[in-house]
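> turn this into a structure:
(one chain, ligands or ions: 1)
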Amino acid sequence: MPELPEVETVRRVLTEELVGLDITDIDIRYPNLIEGDINEFKNNIINKKICKLDRLGKHLIFILNDGALLSHLRMEGKFFYVDNDFPINKHIHVIFKLSNNKLLCYQDVRKFGRFNYRSLNDLYTTPPLNEVGVDLTINNNYSINDIYKKIINKKIPIKATLLDQSILAGLGNIYVDEVLYEAHINPNRLSNTITLEELELIINQMKIIFDNAILNKGTTIKSYTSSLGVIGNYQNFLKVHTKSSCPCCKSTLTRVKIKGRMTYYCEKCQR
Ligand SMILES: [Zn+2]
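Numbering: from 1, shown residues only. Coordinates of the predicted model:
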């Protein structure tokens, strides 16, 4: 599943390719990927210029000359920027035709991805973006006490709380394991036992790991390969996720499911 560093990598590549182009037509082959009325969606987007690409958490934001197109890749969504004779496979569900005669194809084997249109005025005050918590790679103005208040009432494992995008945005199953390892916190710990100092550690590690993963263009593993000619290298820096022994104390890592997600941690180093 693409997490914040992978979505940021997609944003950077698409910025180079798409800014300045107009969307001249859209072919929607699987309408359920679009939220709202399909014809309204098309009318709002066709003949608009792509001015900029932004991101908040795992949401990709195409800023148009009027309005914004939002894309969430969810489990397996990917974009391909290709010539107009590209063979369209059955997993390509949305095709944006561009003013330079190229195509932006959206492929999604599991069809969990979503597209929305929002006016620029409503962009950050309506779902989905008003539901996104603090994105540490964008916002330096957050209050750690406000974040702590949201965590300290929860009687669920800290890993599950960190996967909740409405508190801290951007983590998915890979990076959350890495963050908790570096912060020396057991992912099963109930959120209401986390101290303010531990939350500070988590936040600092999130910043470091996101920065390094973005520098390395994200992680390429079985469940996520990029599509835009980018091969992420952060898999070479993972310390616990998918690993068998702790890089620090050499103990065998524990594997358990938390909230249905396979979790890797060290019983000795993470408390
Ligand atoms: Zn260890």
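> for stretch 216-230, measure first residue to last.
10 Å (C-alpha to C-alpha, to the nearest Å).
> and the residue of the stretch 51-200 of the chain that's closest to the ion?
residue 181 (8.4 Å; C-beta to the ion). Using the backbone N, CA and C atoms, a C-beta is placed for each residue, glycine as well.
> what helix or strand is that residue located in?
When secondary structure is defined by DSSP states H and E, residue 181 falls within helix 173-182.
> next: residue 202.
helix 196-215.
> walk me through the domains of the protein.
According to automatic domain parsing, the chain comprises the domains 4-131, 144-265.
> so how far is residue 234 from residue 213?
4 Å (C-beta to C-beta, to the nearest Å).
> ok, these two, which is more surrounded?
Counted by other C-beta atoms under 10 Å, residue 213 and residue 234 do not tie: residue 213 has more neighbours, with 26 against 23.
> right, and the more buried one touches residue 7 too?
No. Residue 213 lies out of contact with residue 7 (C-beta atoms under 8 Å); the separation is 11.0 Å.
> ok, and the closest non-adjacent residue to the single nearest residue of the stretch 1-150 of the chain relative to the ion?
Here the stretch 1-150 of the chain gets closest to the ion at one residue, residue 3, 23.5 Å apart by C-beta to the ion. Spatial nearest neighbour of residue 3, chain neighbours left out: residue 172 (3.7 Å); criterion: C-beta to C-beta, 6 or more residues apart in numbering.
> ok, the one you found - how many residues close by?
Going by other C-beta under 10 Å, the residues that sit close to residue 172 add up to 23.
> list the contacts of it.
1-4, 58, 163 (C-beta atoms under 8 Å, 6 or more residues apart in numbering).
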